[in-house]
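**Student:** what's the 3D shape of this:
(chains A, B and C)
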Amino acid sequence: MDIRLDGISHSYDTFEVMRDISLDISSGQIVCIVGPSGCGKSTLLRFIGGLERPQSGQVLQLGDPPEGCLNPLTYIFQDFALLPWRSVSGNVSLVLEDHGIKGSAARKIIEDVLARTKLSDFAKALPKQLSGGMKQRVAIARALAVNPAVMLMDEPLSALDSQTRELLMDDLIDLWTRQPFTAVYVTHNLAEAVRLGHRVVVLSRRPGRIREIVEIEKPLNQREFGDPDLDKAQKHLWQLMRDEARAADAELINV
Amino acid sequence: MTTLNRRKALALMGASVAASGLAAPALAMNNKIKVGALRFTSHAGNFVAFERGYFADAGLDVEFEFFQAAQPMAVAIASGDVDYAVTAVSGGLISLADKGAIKVIGGALSEEEGIDGQKFLASDAAFQAGVKTPKDLDGKKFAVTQAGSSFHYMGSKMAQAEGIEMSFTPLQKVGAIIGAMKSGQVDGWSIVPHIAKPLAGSGAVHIIGNVSDYLPDYQVTTVFTSAKHAADERGMTESFLEGFSRGVDDYAAAMIDNTADQDAMVDLIHKYVYTDRPRDKAAPSIINGTMRLNKGAALNIASIQDQLNWFQSEGLVDADITIEKLVDTSYVDIIGA
Amino acid sequence: MSDVSLGKSVAFRGGGFAPKPHRWVGVLVFISLILFAEWGTRTGWISALTLPKPSDVLQTFQELYDSGLLFKHLAPSLSRLIVGAAIGASIGISVGILIGLFSYIRSGLVPLVAAIFPIPKIALLPLFVIWFGIGEGSKYALIAFGTFTPTVVATYGAVDNVDRTLIRMGQSFGLSWWSIVRKIVLPGAMPGILSGLRISLAIAIILLVAAEMLGAEYGIGAYILEAGSLYDLERLFAGVVILSLLGVLVSAVIGLVERRLLGWRT
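**Tutor:** Residues are numbered from 1 along each chain as shown, chains lettered A, B, ... in the order given. From the prediction side, this is the model:
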């Protein structure tokens, strides 16, 4: 299943957030969206997931979601959004219960996704007992449980320290390599973008427009920390953004 | 514990003056005292004595302190905030006497044959259901303000005499009882005639008997003061009783014995009682409320003893309280002994 | 560097401002106050009119227990408390959740709740007697009414405080409205609801005495009122102590429930 954004514009009152964004997200690819703060990255992601409605333009699903997909468009949040009163397996089972998956069927899915995110030993733990990285892995496991067509990841690693971030990036790459998934990955961290993105979409300062789409050819499993090709791509991205980022930083916040 | 306020200071000065042998008669001392009162006709003795200057004649500068209920008044006497007051004998009063705080020194309101006294009432609902005499209240709900109140005593003595069983429903305030009687939530009650008659007149309740049939010489209210005053302030206490008695005499002459001008007396009482009603509407209530106030504040000791016994038998007060602890008999004529 | 004489040590200026629990201090304060009262009343320094002897209060309590009257008074009071508070709290929680979830209900009911919150419920007792009768009905109603308002306010505050991202998460996974309310909003609001209940139930105990002013022959409140009118300080204090113990008990039960239900809190 592909996603197509068709001429999306949006403003809050008289405050224009983004203008005429059109983009194709094809199946099995990770598309990273970067841009200076306030360019509407996260808003765009909420449009894709149907949590907010754009004022003009539309988000289209092309084709049908794959067989066994419970929730085609599935989010992973920056602050994990785990229910603190449910255990790790309880948090995963939450999203299955509404689809009538209970008992052994649910147990099978939970065991599978926890194994894939290396959480099998922590099934009974409460979120308060977990580190930030573990919590985000629980969130990823929860997202995998509904077998999504597209994962919508909103700065998923921003709340973590840099070592944990590296570890989780490796985990995500492993997951993708074993079973490619489609994802829209919003981040302000260019290193993440070049490590995980097949394509990196650079948005301009408010009102956000697409400035450039950078393709990164190197296969995901060959990208490593300190890779010179990636460093070059990252430098290129930074040059594109630098002035806009500075201008955006100097703006008064009036949201 | 003993803060010396102005009044106590005066009392102390009075005592030291007396002790130093310069004791003048109480009459000349012009003592400032506080008298507790409820805005009821039964307190008329005090009002008359004040208005006609009998307290002043006795050398007392009286100031009234008005209360909404008898219970806080008894506590005020115990705490020394009020010097003299008139109230019904209640469990609270006896307990305070037991704690050495107060003494009964004279009698006021009495049931007397030939004078309309307190009534037993039935709610309209109970009356329609066949409660025509106090005896019919068997198994019914009898309203009282609180356990150990005079209402409780009257109801209980009637039940005892009739050999019936009633349950007593505490409703704290007379107003609440009237509401409960009107809406039929309780079945029976006893109350002074000036409240009973207008209620019965409106058809909301029915008079089914007289309290005096069961308690012929019932000493309803008494004059009391702090134990300290009774023991140490003899002069002042005698002066008070003297003024009070003259007030009572005037009241009895005008309202009961018809030897004096009733209209003038009603005018006087209206200054204190039913002040929120015009004179012509207040007058019937004041006249209806007429009951015997004992001459010379004489005290019916037999009735007091009976009340004490009842409170003790009900377990409401300590069983070893004696009548001596409650009453100082040295001030007034003791009757019924 | 290791030569200490080279410099003077930095003066310590941290510490403090970190209260630590010392359970025995509270007990000690209680005991010493009681002992002080006992000593004062025994020597006569505190008159019998001012305060009863603590040992006499204990004896009164013992007599109350031996005579079986304790349970005769306790049973109706507890049933009034439980029924009244259960009605008030459950309606309060339901209304609070509705206010928290629906803007029209919020706009309609919040001013109403604000208007009835400050009404002294005792003042309405005579009215309740007419509405619900002089029996148990008016007593349940008074206690229910008194617990209702604080529970409503605590509950909708708690619902407002539920992490919105958790609700967004639920929506993003396609959970039904009812699932979101049951599995996310309710458990998320539970801490606020329980701390609101602490206050509401204390108010219920306070109102017990008021509820038993009218037409109650038995009950802790009736017992206290009777003791007050008889100026029987020993019984008055024995009754007050029972209410205090009831308060401690209720607080302990809520603490237990909190530990069971809110173990997930950090």
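**Student:** give me the residue from the stretch 101-250 of chain A nearest chain C.
**Tutor:** In the stretch 101-250 of chain A, the residue that lies nearest chain C is A:K128 (4.6 Å; C-beta to the nearest C-beta). To be clear about C-beta, it is placed using only N, CA and C from the backbone, and glycine gets the same treatment.
**Student:** how many neighbours does that residue have?
**Tutor:** Using other C-beta atoms under 10 Å in any protein chain shown, A:K128 is surrounded by 13 other residues.
**Student:** what's near enough to touch it?
**Tutor:** Neighbouring residues of A:K128 by C-beta atoms under 8 Å, 6 or more residues apart in numbering or on different chains: A:84, C:264-266.
**Student:** at 10 Å what do you get?
**Tutor:** By C-beta atoms under 10 Å, 6 or more residues apart in numbering or on different chains, the contact list for A:K128 reads A:82, A:84-85, A:135, C:263-266.
**Student:** what's the answer for C:L81, then?
**Tutor:** C:139-140, C:143, C:147, C:201, C:204-205, C:207-208, C:211, C:219-221, C:246, C:250.
**Student:** same check, this time on B:L215
**Tutor:** By C-beta under 10 Å, 6+ apart, the contact set of B:L215 is B:111, B:117-118, B:153-154, B:157-158, B:161, B:190, B:303, B:306-307.
**Student:** Which of those residues fall within helices?
**Tutor:** Judged by DSSP state H, helices contain the following of the contacts of B:L215: B:153-154, B:157-158, B:161, B:303, B:306-307.
**Student:** Next, the buried residues of stretch C:30-50.
**Tutor:** C:37-38, C:40-41, C:46, C:48-49 (16 or more other C-beta atoms under 10 Å in any protein chain shown).
**Student:** So, low pLDDT: which residues of the stretch 51-200 of chain B?
**Tutor:** By pLDDT under 70, the stretch 51-200 of chain B contains no weakly predicted segment.
**Student:** returning to that earlier point: what is the nearest of the contacts of C:L81 to chain A?
**Tutor:** C:L201 (22.9 Å).
**Student:** Give the phi and psi angles for the residue nearest the centre of chain C, as a check.
**Tutor:** Centroid check for chain C by C-alpha atoms, centre = their mean gives C:A202 as the closest residue, at 2.2 Å. Per-residue torsions, C:A202: phi -60, psi -40 (degrees, to the nearest 10).
**Student:** same check, this time on A:F15
**Tutor:** phi -100, psi 100.
**Student:** What distance do you get for it to A:P207?
**Tutor:** Plainly put, A:F15 is 9 Å away from A:P207 if you go by C-beta to C-beta, to the nearest Å.
**Student:** Quick one: residues contacting residue 154.
**Tutor:** Looking at chain A here, since you left the chain open. A:33, A:41-42, A:45-46, A:49, A:75-79, A:81, A:184-187.
**Student:** should've been chain C
**Tutor:** By C-beta under 10 Å, 6+ apart, C:A154 lies in contact with C:89, C:92-93, C:96, C:189, C:192-200.
**Student:** same thing but at 7 Å, please
**Tutor:** Contacts for C:A154 were tallied using C-beta atoms under 7 Å, 6 or more residues apart in numbering or on different chains; they are C:192-193, C:195-196.
**Student:** A:L94 now?
**Tutor:** Each residue near A:L94 by C-beta under 7 Å, 6+ apart is listed here: A:83, A:86, C:183.
**Student:** from those residues, which is closest to chain B?
**Tutor:** Ranked by distance to chain B (C-beta to the nearest C-beta), the contacts of A:L94 are led by C:K183 at 47.7 Å.
**Student:** Which members of the buried residues of stretch C:30-50 occur in helices, if any?
**Tutor:** Judged by DSSP H, the subset of the buried residues of stretch C:30-50 located in helices is C:37-38, C:40-41.
**Student:** After the longest helix belonging to chain C, which helix or strand is next?
**Tutor:** Taking DSSP H as the criterion, chain C has its longest helix at helix C:69-101. With elements assigned by DSSP states H and E, the helix or strand that comes after helix C:69-101 is helix C:103-116.
**Student:** just to revisit the earlier point, report the two of the buried residues of stretch C:30-50 separated the most.
**Tutor:** C:E38 and C:L49 (16.6 Å; C-beta to C-beta).
**Student:** so where's chain C uncertain?
**Tutor:** Ranges of chain C meeting pLDDT under 70: C:1-4.
**Student:** what about the helices in it?
**Tutor:** All helices of chain C, identified by DSSP H, fall at C:23-43, C:54-66, C:69-101, C:103-116, C:125-132, C:136-160, C:164-172, C:177-180, C:186-211, C:220-229, C:233-261.
**Student:** Quickly note the distance from B:T237 to B:A252.
**Tutor:** For B:T237 relative to B:A252 (C-beta to C-beta), the value is 22 Å.
**Student:** Could you do B:T169 as well?
**Tutor:** Remark: distance between B:T169 and B:A252 (C-beta to C-beta) = 35 Å.
**Student:** cool, and C:G84?
**Tutor:** Distance, C:G84 to B:A252, by C-beta to C-beta: 52 Å.
**Student:** Who has more neighbours out of the two?
**Tutor:** The neighbour comparison of C:G84 against B:A252 (other C-beta under 10 Å) goes to C:G84, with 25 against 22.
**Student:** wait, what's in contact with the closest residue to the more buried one other than its chain neighbours?
**Tutor:** With sequence-adjacent residues excluded and distances taken as C-beta to C-beta, 6 or more residues apart in numbering or on different chains, C:G84 is closest to C:I143, at 2.7 Å. Shown in contact with C:I143 (C-beta under 7 Å, 6+ apart): C:80-81, C:84-85, C:88, C:204, C:207-208, C:211.
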